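**Q** Whatever this is, show me its structure:
(2 chains)
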Amino acid sequence: MTATDRTDGLTVSRLSGRQIGVGMVVLLAAVTAGLTIGPVDIAPHRVLLELLDGLPGIEVDSGLSEIHQGIVEKIRLPRVVLGVLVGATLSLSGAAYQGAFRNPLADPYLLGIAAGAGLGATIAITSNLGDGAGILDPVPLAAFAGALIGVLASYMAGHIGGRSTASLVLAGVAVASFLTACQTYVLQANSDAFREVYAWILGRIATSGWSEPALMVPYFLITVVVVLRHRRALDVLAVGDEEAAALGINPRRIRATVVIAASLGAAAAVSVSGLIGFVGIIVPHTIRLAFGNSNRIVLPLSVLFGGAFMVLADLAARTLVEPAELPIGVVTAFLGAPFFVLVLRTSRREVW
Amino acid sequence: MTGIAIRDLCVTVGRAEILRGLDLDIASGEWLNIVGPNGAGKTTLLRTILGALDYDGSIVIDGAGEHPSSGLARSIAYVPQVPVIPPGMLVTDYVLLGRTPHRGAFAADSPHDLSVAADVLERLDLHTFAAREVRSLSGGERQRVVMARALTQETPILLLDEPTTALDLGHQQEMLRLIEELRHERGLTVVATLHDLTLAARFGERLALLDAGHLVQVGTAQDVLTVDTIKTHFDATVRIIDDEDGPVVVPV
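**A** Next up, the predicted model:
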């Protein structure tokens, strides 16, 4: 598959309608599977009709019983929607970090987000702040705050050390080590909370109604709008700061804007779903191998395929060892890594 | 008319003073070669003109300031000695980066941008490579692609840092002839650093000899390239053969 378009006899990388179509179909298929498969099997076409019925201005009879309707709309749909939002945000943030840092190994947790969120969640869990549901649940709030503190500390430490991307990444490593040490200390003092903290770290897409997806939506939108607006600027940035500046853009401003937007989304994703690893690396690189390296292609498709990947991973997490659930972080890496190696071996494109 | 006027230019990088009190006028439409031993400050001079380094003194670029929002990018195009070639980037995408100062960082390429790039690719015989990845090309082809990006920028001034280092003898001549033709076609001002003194004498109009941050001499190849100057500033023993196309510098 080539991601190109011929204009004026030129072959220009451009997101094609067909690529968007493929992404939409894969996402819709993943969502349908997520709504259909589970302890109670529901026919896929009825699920699709039920979804249609839910759209404003459309009335169709899906033929589902009230109980099945309840399962689809109140239990499975919020979880699937959260999966789409978290997967799309982590993939897009990963792709944005890779572009902004010009580093194939950059992922959204690079700048202390994971360690900060981990510390925040650990403090909230060990100090028994209560089990307020939804927006009042202290664990996601503390994780979100911790993630933002982690990024902020990395950014400030990075600027003290210089302005290069390498010094920023190194600052992120230092801040992450410090925060992880703090987390370990808190956990040692409260070893009874170990299981709960460990479960949180491994991640899960679990919902109690619509509060988690609703929390996630504004951050998802900010990340999508800001990062996608910078897709061309990130392509210019690919030639390095000095040449990019000679082409009339401001590399530092663009990198700061993109990284802040991507971090905000990643922090929100971490706060509702824990530390789901590997998504921010595997999805963007698979898209690069399949469709091309231009950020004009990679960034928008990361949203669609990232969402689909997470819904499928969550489906595997809750069905493979029924009635128990696997931590989703285990699934994304366990299924994702071999799949990625397969793509890596079969693609003729340069990885990076 | 003066294309670039440099007065009392001093550049300090870290604690090292790289350029000291440099005065240089480069005429509009002129080709000036900057020569000098390693570490003389040739690349620093180019990067300072480009606006990549802080400096004391003044550099006035003719015609700049019309579009202050995009800085000097509409006045000066730069070909670095070792350009960064992003992995997986196609020739056309790379060449179209040259349109960035005209379209802005967020806008799509206009039909005009595409036709400018198409013309440049055609002119440099690169149209058959347009759909290839830049990294898959040979050194000579790659150098032409980087040149194509600079030309697509449609600036009156070209800064070239060692445009021939990666090339064999034939491709070196081909590249410099191409620059000469393009300069005449488009009325470009060319400032290049060159290691090979014979090539520097053969192409371009004037030579500027730089040593330890000082501008030692500016003039024609016959003026600048003498056995004594080369002995003093390059610490090299050479013979100069006078050829009708300019002096030939032979190491002995």
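
**Q** Name the residue of the stretch 1-150 of chain A that lies nearest to chain B.
**A** Proximity of the stretch 1-150 of chain A to chain B (C-beta to the nearest C-beta) peaks at A:Thr11, 3.8 Å away. Where you see a C-beta, it was placed from the backbone N, CA and C, and this is true even at glycine.

**Q** how close does the residue nearest to that residue when sequence neighbours are not counted sit to A:Leu234?
**A** Leaving aside its sequence neighbours, A:Thr11 sits nearest to B:Ala131 (C-beta to C-beta, 6 or more residues apart in numbering or on different chains; 3.8 Å). Between B:Ala131 and A:Leu234 the computed distance is 22 Å (C-beta to C-beta, to the nearest Å).

**Q** Of the two, give the one with the bigger neighbour count.
**A** Neighbour count, other C-beta atoms under 10 Å in any protein chain shown: between B:Ala131 and A:Leu234, A:Leu234 has more, with 25 against 15.

**Q** Skipping its backbone neighbours, what lies nearest that one in space?
**A** Nearest one to A:Leu234, counting by C-beta to C-beta, 6+ apart, is A:Gly99 at 3.9 Å.

**Q** swap in B:Ala236?
**A** Spatial nearest neighbour of B:Ala236, chain neighbours left out: B:Ile230 (5.6 Å); criterion: C-beta to C-beta, 6+ apart.

**Q** Next: A:Ala121.
**A** A:Ala143 (4.3 Å).

**Q** Now do the same contact list for that neighbour.
**A** Counting by C-beta atoms under 8 Å, 6 or more residues apart in numbering or on different chains, A:Ala143 touches A:Ala117, A:Gly118, A:Gly120, A:Ala121, A:Ala124, A:Trp200, A:Ala267, A:Val270, A:Ser271, A:Gly274.

**Q** what about residue 82, neighbour count?
**A** I'll assume chain A. Neighbour number of A:Leu82 under other C-beta under 10 Å is 27.

**Q** um, chain B though
**A** Residues near B:Val82, counting by other C-beta under 10 Å: 9.

**Q** what are the phi and psi angles of it?
**A** With angles defined as degrees, to the nearest 10, B:Val82 sits at phi -120, psi 90.

**Q** before we move on, what about B:Asp56?
**A** Per degrees, to the nearest 10, the backbone of B:Asp56 is at phi -110, psi 150.

**Q** what does the one 5 residues further on give?
**A** Here the main-chain torsion angles of B:Ile61 (degrees, to the nearest 10) amount to phi -100, psi 120.

**Q** Tell me how many other residues surround it.
**A** 22.

**Q** Not counting sequence-adjacent ones, nearest residue to it?
**A** Leaving aside its chain neighbours, B:Ile61 sits nearest to B:Ser75 (5.3 Å; criterion: C-beta to C-beta, 6+ apart).

**Q** That neighbour: what's it in contact with?
**A** Going by C-beta under 8 Å, 6+ apart, the list of residues near B:Ser75 reads B:Ile61, B:Gly63, B:Ala64, B:Thr155, B:Pro156, B:Ile157.

**Q** Read off the pLDDT value for it.
**A** You'll see B:Ser75 listed with a pLDDT of 91.

**Q** coming back round to it: show the contacting residues for the residue nearest to A:Leu234.
**A** A:Gly99 sits in contact with A:Leu234, A:Asp235, A:Leu237, A:Ala238, A:Val258, A:Asn295, A:Val298, A:Leu299, where contact means C-beta under 8 Å, 6+ apart.

**Q** Need those in a markdown table (columns: pLDDT and secondary structure).
**A** What follows is these, written out as a markdown table (pLDDT from 0 to 100; DSSP: H, G, I helix; E, B strand; the rest coil):
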| residue | pLDDT | secondary structure |
| --- | --- | --- |
| A:Leu234 | 96 | helix |
| A:Asp235 | 96 | helix |
| A:Leu237 | 95 | helix |
| A:Ala238 | 95 | coil |
| A:Val258 | 95 | helix |
| A:Asn295 | 96 | helix |
| A:Val298 | 97 | helix |
| A:Leu299 | 97 | helix |
